[in-house]
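**Q** predicted model, plus sequence, below.
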Amino acid sequence: MNRAAWEEKPTAAGRAGKALSIAVIMLLILFPLYTIALTSLSSAETVQRVGGLVVWPSDGVSFDAYEQMFRNPVVLDALVVSLGVTAFGTLLSVLVSILGAYSLSRPGSLGHKTILFSVLLMFVIFPGLIPVYLWVSALGLRDNYLAIILPMAVSAFNVVVLRAFFMNIPQELFDSARIDGAGEFRILWRIVAPLSKAPIAVVTLFYAVAYWNNWFNAFLYLDDTSKWPLALVLRTYVVESAPLPQASGLESAPPTLAVKMAIVVVAIVPALIIYPFVQKHFKKGVIIGAVKG
């Protein structure tokens, strides 16, 4: 009896090919991170002698780049701003997305069809940059942190993902809760939310990464450099090689390559710290929508 190719026992050559492919992919991912981290830990003389990114620490490790970076008040302020915006924005976005997804998962809710149609319409029609800019300006949110939070507070994709999971929760749980006298909010926080940890964790990660990496809204709406998030500082300091504003009386100079890489490391470390705690939920959340047979 002939069996499908995926049902056959893998051959030694097949296993070796898979291992080699995984090793190559890991090398392509880890090598750039390795060179970035090593360059940030190298002295300016080493970087200048090498003429670019450092691959081998021939002169030992130096923390001069990190010392120079953290002496700059703009970088420290930007780090605090990014942490605050990411924490508050993620909390707001997750709460609104959960509430919106739950209401849209309950047939017969107020404005159910109209709101659902509007959310699905956002997949194909986006208002564009100019209307959003005019809307933010009309609300007087220029140079306000809300200008980098509200325009991206809700993602239609995340709402639809949560709604699909909420609709798969057995109706009997809702009926029994209502018989016991529970209201909609109590059902949501006591029954739906605990059963939906995986998709909520995935959506939380999506929002947090989006807020942490968002520089464009800050570039548009924040004129005060003291309110810049780390992503915008990273773009200005690393990509454009422009000198950052310094405290009064201090000379401002273009950053060295080691300092640039130090800022990149600081920008990616929070995601590396958070991801292991979300990984188990992330893996489960990804396969929730898989086809089952």
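**A** Cool, got the structure. Numbers count the residues shown, from 1 in each chain.

**Q** going forward, measure contacts and count neighbours with C-alpha atoms only.
**A** Fine.

**Q** neighbours around Ala231, how many?
**A** Residues within reach of Ala231, counting by other C-alpha atoms under 10 Å, total 23.

**Q** low-confidence ranges in the stretch 1-150 of the chain?
**A** 1-8 (pLDDT under 70).

**Q** wait, what's in contact with Trp215?
**A** Taking C-alpha atoms under 8 Å, 6 or more residues apart in numbering, we find Trp215 in contact with Pro229, Ala231, Leu232, Arg235.

**Q** got those as JSON lines, with distance to Leu134 and pLDDT columns?
**A** JSON lines is the format used below for the contacts of Trp215 (distance: C-alpha to C-alpha, whole Å; pLDDT from 0 to 100):
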{"residue": "Pro229", "distance to Leu134": "22", "pLDDT": "91"}
{"residue": "Ala231", "distance to Leu134": "23", "pLDDT": "88"}
{"residue": "Leu232", "distance to Leu134": "21", "pLDDT": "88"}
{"residue": "Arg235", "distance to Leu134": "24", "pLDDT": "83"}
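
**Q** what's around the residue lying closest to Val259 once chain neighbours are set aside, how many residues?
**A** Closest residue to Val259 apart from its sequence neighbours, by C-alpha to C-alpha, 6 or more residues apart in numbering: Ala65 at 4.7 Å. Using other C-alpha under 10 Å, Ala65 has 24 other residues around it.

**Q** so who does Ala65 touch?
**A** Ser40, Leu41, Ser42, Ser43, Ala258, Val259, Ala262.

**Q** which SS class is the residue nearest to Leu162 when sequence neighbours are not counted?
**A** Ranked by C-alpha to C-alpha, 6+ apart and with sequence neighbours excluded, the top spatial neighbour of Leu162 is Ala101, at 5.7 Å. Following DSSP: H, G, I helix; E, B strand; the rest coil, Ala101 is assigned to helix.

**Q** most neighbours among the contacts of Trp215, please name it.
**A** Pro229 (32 neighbours).

**Q** quick check: which element contains the residue nearest to Val259?
**A** helix 64-71 (DSSP states H and E).

**Q** chain center to that helix, what's the gap?
**A** 26 Å (C-alpha atoms, centre = their mean, to the nearest Å).

**Q** any idea how the protein splits into domains?
**A** 9-50, 64-287 (automatic domain parsing).

**Q** if we compare these, which one ends up closest to Trp56?
**A** domain 9-50 (7.7 Å; C-alpha to C-alpha).

**Q** ok, now which ones touch Ile200?
**A** Val94, Leu162, Ala193.

**Q** pLDDT score assigned to the last one?
**A** It refers to Ala193. We have a pLDDT of 87 for Ala193.

**Q** what comes up buried for the helix or strand it falls within?
**A** Element membership for Ala193, per DSSP H and E: helix 193-195. Under the neighbour-count criterion of 16 or more other C-alpha atoms under 10 Å, helix 193-195 has Ala193 buried.

**Q** likewise for stretch 81-91?
**A** Buried residues in stretch 81-91 (16+ other C-alpha under 10 Å): Val81, Ser82, Leu83, Val85, Thr86, Gly89, Thr90, Leu91.

**Q** and stretch 130-147, by the same measure?
**A** Tyr133, Val136, Leu141, Arg142, Asp143, Asn144, Tyr145, Ala147.

**Q** list the contacts of the residue nearest to Asp223 when sequence neighbours are not counted.
**A** In this structure, Asp223 finds its nearest non-sequential neighbour in Asp143, 6.0 Å apart by C-alpha to C-alpha, 6+ apart. Neighbour list for Asp143: Tyr221, Leu222, Asp223, Asp224, Lys227 [criterion: C-alpha under 8 Å, 6+ apart].

**Q** out of the buried residues of stretch 81-91, who's nearest Thr35?
**A** Distances from Thr35 to the buried residues of stretch 81-91, taken as C-alpha to C-alpha, are shortest for Ser82 (25.0 Å).

**Q** I'd like the distance between that closest one and Leu95.
**A** 20 Å (C-alpha to C-alpha, to the nearest Å).

**Q** just the element for Val61, please.
**A** Going by DSSP H and E, Val61 is not part of any helix or strand.
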